[in-house]
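In: A structural model of the following input is requested.
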Amino acid sequence: MKHIMKQNKIILITVAAIIGLIVLIDSAFILKETQQVVITQFGKPIGVAKTSPGLKFKAPFIQKANYFEKRYLEWDGEPNQVPTKEKKFIFIDTYARWQITDPLQFYKRLTNERGAQSRLDDILDGETRDKVAGNSLKELVRNTNRQAEQTGKISQLINDSLASIQVGREQIQNKIRIAANKQAEDLGIEILDFRFKRINYVEDVRKDVYERMRTERFRIADKFRSEGQGEASEINGKKERELNQIRSEAFKKAEKIKGEADAKAAAIYASAYNRNNTSKKLYEFMKTMETYQTILDTSTTVFLSTDSELFKYLQDIR
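Out: Numbers count the residues shown, from 1 in each chain. As a prediction, the model looks like this:
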């Protein structure tokens, strides 16, 4: 009898220990650094959300721990066809980063991340359409009125071909984020970042846009060629003027040197002519020889009178 009672006591203790272990396992849970939790009882939230990591407890069986991410979450929008301010239809592909900032309010309004993603689709897509329709395409694709890096006429021409913007893509993205956060104030979430992932024309107008781009680039290229030809003509004209000036100066200098040399030679000849009869005859002979060298060659025929000064020396040679 005592043995049976002892066995029953052991069984009861074992059962109680197992039940206690099950209760403990169901009531205790560990909250990680990247998690936050809302405790619900029969589907209704109890108390405040738990956000600090560590060992936590809840009522076993009747309460449930609903875990939510602390880290940044991703939203990726579907590409949409949206008209701009100029009524040009473009494809907009967007993405955003968001975070659960109030887990209790998040659970009350959205229940889980799937519900949050669906609500973000409505908010962000709507704000994107509104802001895109209120701005021109050039505002959506550019951030600033950037200046060309080159200098001179080419830089000026490129800058003239860039249309000026007032807002820019960065400000439009921020406006969408701010407006979306106002709509999400009571959802327990915050949109941290919003970006246009891709912007492109619809196929119907893409060819026309490319053709306009080609035409504009051809206009710039023609302008470059025209300016280059003008500068080349200017450089060639300047070169010709400088060459003519150099030739003129050289000819002037050569004539001056030649004149001085002739004058000096004439002075020497005159001096020699005036000295004596022998010098005079030598001078006459030298000048005649110079004349022969100038007017006579192997193909020249000369008719001279017998009393010519030139004939005198030829006669002597004979």
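
In: neighbours of the nearest residue to residue 83 once chain neighbours are set aside, how many?
Out: Nearest in space to residue 83, with sequence neighbours left out and distances taken as CB to CB, 6 or more residues apart in numbering, is residue 89 at 5.3 Å. Where you see a C-beta, it was placed from the backbone N, CA and C, and this is true even at glycine. The tally of other residues near residue 89 (other CB atoms under 10 Å) stands at 13.

In: got phi/psi on residue 89?
Out: When read as degrees, to the nearest 10, the backbone of residue 89 gives phi -80, psi 130.

In: now residue 85
Out: According to degrees, to the nearest 10, residue 85 has phi -60, psi -30.

In: wait, the residue nearest to residue 83 sits on residue 203?
Out: No: applying CB atoms under 8 Å, one finds residue 89 not in contact with residue 203, separated by 10.0 Å.

In: need the helices for the stretch 101-250 of the chain, in chain order.
Out: Assigned helices in the stretch 101-250 of the chain, in chain order: 103-110, 113-133, 137-141, 153-161, 169-183, 203-275 (criterion: DSSP state H, counting those that start in this stretch).

In: okay, now residue 84: neighbour count?
Out: Residue 84, neighbours per other CB under 10 Å, totals 19.

In: gap between residue 60 and residue 106?
Out: As judged by CB to CB, to the nearest Å, residue 60 and residue 106 stand 25 Å apart.

In: show me which of the two is the more surrounded one.
Out: residue 106 (23 against 13).

In: relative to residue 110, how far out is residue 43?
Out: 15 Å.

In: cool, and residue 291?
Out: 122 Å.

In: more neighbours: which of these two?
Out: residue 110 (21 against 13).

In: residues in contact with the closest residue to the more buried one other than its chain neighbours?
Out: Take residue 110 and drop its neighbours on the chain: the residue closest to it by CB to CB, 6+ apart is residue 116, 4.7 Å away. Contacts for residue 116 (CB atoms under 8 Å, 6 or more residues apart in numbering) come out as 73, 98, 100, 106, 110, 187, 189.

In: surely the second one forms part of a strand?
Out: What that stands for is residue 98. Yes: applying DSSP: H, G, I helix; E, B strand; the rest coil, one finds residue 98 inside a strand.

In: now residue 55, what's its secondary structure?
Out: Going by three-state DSSP: residue 55 is strand.

In: again with residue 60
Out: Classification of residue 60 by three-state DSSP places it in coil.

In: OK, contacts around the residue lying closest to residue 109 once chain neighbours are set aside?
Out: Spatial nearest neighbour of residue 109, excluding adjacent residues (CB to CB, 6+ apart): residue 187 at 5.1 Å. Counting by CB under 8 Å, 6+ apart, residue 187 makes contact with 105-106, 109-110, 116, 119.

In: now stretch 100-116: mean pLDDT?
Out: Averaging pLDDT along stretch 100-116 gives 93.

In: coming back round to it: and the pLDDT at the residue nearest to residue 109?
Out: At residue 187, pLDDT is 94.

In: kindly report the same for residue 92.
Out: For residue 92, pLDDT reads 91.

In: same check on residue 313?
Out: 59.

In: how close does residue 169 sit to residue 196?
Out: Distance from residue 169 to residue 196, by CB to CB: 7 Å.

In: so what's in contact with those two at the same time?
Out: residue 140.

In: which residues does the helix or strand hosting residue 38 contact?
Out: Element membership of residue 38 [criterion: DSSP states H and E] is strand 35-41. The contact list for strand 35-41, computed with CB under 8 Å, 6+ apart, reads 29, 31, 45-47, 49-51, 53, 56, 58-59, 62-70, 100, 103-104, 107.

In: which of the residues you listed count as buried?
Out: The neighbour count (16 or more other CB atoms under 10 Å) marks 31, 45, 49-50, 58, 63-64, 66, 68, 70, 100, 103-104, 107 as buried among the contacts of strand 35-41.
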